[in-house]
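Participant: with the sequence up front, the predicted model follows.
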Amino acid sequence: MTDTPATHYQGSDKLLYGIILGVLAFWLFAQTTLNTSPIMAADLGLDQSFMNIAVSITALFSGIFIVIMGGLADRVGRVRVVMWGFVLSIIGGLLIGLAPTGSMGAPFLMAGRIAQGISAAFIMPASLALVKAYWDGAGRQRAVSLWSMGSWGGSGFAALFGGFMASNVGWRWIFIISAVVSLIGMLMVRGTPESKAEAKGDYKFDGKGIAYFM
């Protein structure tokens, strides 16, 4: 696939910061469970072994779907896929933040973590493709740098942020704030012209390849 003839639209700081908020929802907020899982397990009344699965399942689902969603974004539209990712991030954050203590806490937590993982798979490749499509030259270098700061930089601060929030405010607020951040990012990205890749004539959807990959 090659990019469709470029529109004259140039990426703005509003779009860039909206994208970064979507990236932070995974790398900063979702990753805090690596450090807050004992507190969360005790509060929800869950075994630590189950909590360990809930911690790792987000990265698992992100890894399973990220390549597939990158290809989907090229076909159906990168802005559309990013917006779907924001919706999943909001749902995931609220499911975790509002998870009840007791037997229902487990399905709320697991569903929320899976939604966060799939959200990252939607947002990461599609948003990076938008950076490539809508910024050029020095502007693209700046956009990629800020995008990278939101991802790897957010991951670096996740432990510090999670520990601070859990100790001073409560772990639930991490995920409620995550949902709010995703909503703000969604509103900032909304209205961006769509970007797709132009399929070549001999392109075919490789269903078997996707199944084997997953």
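Facilitator: Received the coordinates, thanks. A quick note: this is a predicted structure, and the numbers were derived from the prediction, not measured.

Participant: what's the closest non-adjacent residue to I184?
Facilitator: Of all residues not flanking I184 in the chain, L21 sits nearest, at 6.0 Å (C-beta to C-beta, 6 or more residues apart in numbering). Where C-beta positions appear, they are placed from N, C-alpha and C, glycine not excepted.

Participant: hmm, I was thinking of I91
Facilitator: Of all residues not flanking I91 in the chain, A115 sits nearest, at 5.1 Å (C-beta to C-beta, 6+ apart).

Participant: show me the contacts for M51.
Facilitator: Contacts for M51 (C-beta atoms under 8 Å, 6 or more residues apart in numbering) come out as 37-38, 40-41.

Participant: 6 Å instead?
Facilitator: By C-beta atoms under 6 Å, 6 or more residues apart in numbering, M51 lies in contact with 37, 41.

Participant: just checking, next helix/strand downstream of the helix or strand hosting it?
Facilitator: Secondary structure assigned from DSSP states H and E places M51 in helix 48-76. Counting by DSSP H and E, the next helix or strand C-terminal to helix 48-76 is helix 78-97.

Participant: about what we covered before: the residue nearest to I91: how many residues sit nearby?
Facilitator: Per other C-beta atoms under 10 Å, the neighbour tally for A115 reads 23.

Participant: just checking, it touches S89?
Facilitator: No. Counting by C-beta atoms under 6 Å, A115 does not reach S89; the two are 7.4 Å apart.

Participant: can you tell me what sits against whichever strand or helix holds the residue nearest to I184?
Facilitator: L21 belongs to helix 13-24 when assigned by DSSP H and E. Residues from elsewhere that reach helix 13-24, judged by C-beta under 6 Å, 6+ apart: 86, 123, 127, 143, 146, 150-151, 154, 181, 184-185, 188-189, 192.

Participant: just those residues: which are in helices?
Facilitator: When the contacts of helix 13-24 are checked against helices (DSSP state H), the matches are 86, 123, 127, 143, 146, 154, 181, 184-185, 188-189.

Participant: next one: the helix holding M51 to chain centre, how far?
Facilitator: Relative to the mean C-alpha coordinate of its chain, helix 48-76 is positioned 9 Å out (C-alpha atoms, centre = their mean, to the nearest Å).

Participant: what does stretch 90-102 give?
Facilitator: For stretch 90-102, the distance to the chain centre is 16 Å (C-alpha atoms, centre = their mean).

Participant: fine by me, we can end here.
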